[in-house]
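Asks: output the structure for:
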Amino acid sequence: MSARAELRHLLALIAGTFTCVALAGSAYADEPDAAAAAHARQLAVAVCGTCHGVQGNSQQPKFPRLAGQGASYLGAQLRNFRAQTRGDPDAISYMWGMASALNDETIDALAQYYTHQSAGRVPVRDAALVASGRSIYEKGLPDKGVPPCAGCHGSDAHGVADFPRLAGQHSQYILKQLASFQSNMRNVAAMHGVAVNLRTPEMEAVAAYLQGLP
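Replies: Next comes the predicted model:
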């Protein structure tokens, strides 16, 4: 199946499940939250799971792990995809179309589904690389004006408020996003200011450290 045909198929699944949740809402008017949660689980398994894994622990480094991610951050990103304001290549290729059919209730329910899933990790065997990444994450690079990542993402990299969880994320995905921030393809001023001063080996070290965190 071509990528375009697969996208059409997944969008059809989304449209079909909207009908199901609407019927469920009319039959159980006192339990709209339960219907939205059931709809989100169905989407997560039948649609999102294709790339991100059924419980959000993607096995494909190209696609981010969503399990354990903060609900506020996930909701914001899905709204950005729907509004077509997040412009990195995979957002345009995959998520703009996928999110276009999602309403706010479904977005919030999906975010809650993933935030309650148990996050996985992939241990990294290069101890020297991990040690270098840990130092940058915890202390930054003061001589280059790079602040500690822990200041926003937490000492455990589990995320703080609207800042995303990075622990256990695929290193390949983190590197791709840092490159997008560096080039302003993802237009986030704070992250551009950080990434623009990082060299590739430094980004690789941080990404390796984060991938191995629980």
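Asks: C-alpha only now, for contacts and for neighbours.
Replies: OK.
Asks: restricting to C-alpha, output stretch 113-121 in CSV.
Replies: The C-alpha trace of stretch 113-121 is given here as CSV (Å, rounded to 0.1, in the frame of the first residue of the first chain):
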residue,chain,number,x,y,z
TYR,A,113,-4.6,7.9,27.1
TYR,A,114,-0.9,8.2,26.3
THR,A,115,0.1,10.0,29.5
HIS,A,116,-1.2,7.1,31.5
GLN,A,117,0.8,4.5,29.5
SER,A,118,4.0,3.1,30.9
ALA,A,119,7.0,4.5,29.1
GLY,A,120,9.8,2.3,27.9
ARG,A,121,13.4,2.9,27.1
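Asks: buried residues in that stretch, which are they?
Replies: 113, 114, 115, 117, 119, 120, 121 (16 or more other C-alpha atoms under 10 Å).
Asks: quick one: these as CSV, columns for pLDDT, secondary structure and distance to residue 212 too.
Replies: Shown next, in CSV, are those (pLDDT from 0 to 100; DSSP: H, G, I helix; E, B strand; the rest coil; distance: C-alpha to C-alpha, whole Å):
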residue, pLDDT, secondary structure, distance to residue 212
113, 96, helix, 23
114, 97, helix, 20
115, 96, helix, 19
117, 97, coil, 18
119, 95, coil, 12
120, 85, coil, 9
121, 81, coil, 6
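Asks: determine which two of these are furthest apart.
Replies: 113 and 121 (18.7 Å; C-alpha to C-alpha).
Asks: wait, isn't residue 152 in contact with residue 165?
Replies: No - Residue 152 lies out of contact with residue 165 (C-alpha atoms under 8 Å); the separation is 9.9 Å.
Asks: for residue 160, which non-adjacent residue is closest in space?
Replies: residue 153 (5.4 Å; C-alpha to C-alpha, 6 or more residues apart in numbering).
Asks: just to check, the one you found is in contact with residue 159?
Replies: Yes - if you go by C-alpha under 8 Å, residue 153 and residue 159 touch, sitting 4.3 Å apart.
Asks: near the residue nearest to residue 160, how many other residues are there?
Replies: Look at residue 153: counted by other C-alpha atoms under 10 Å, it has 20 neighbours.
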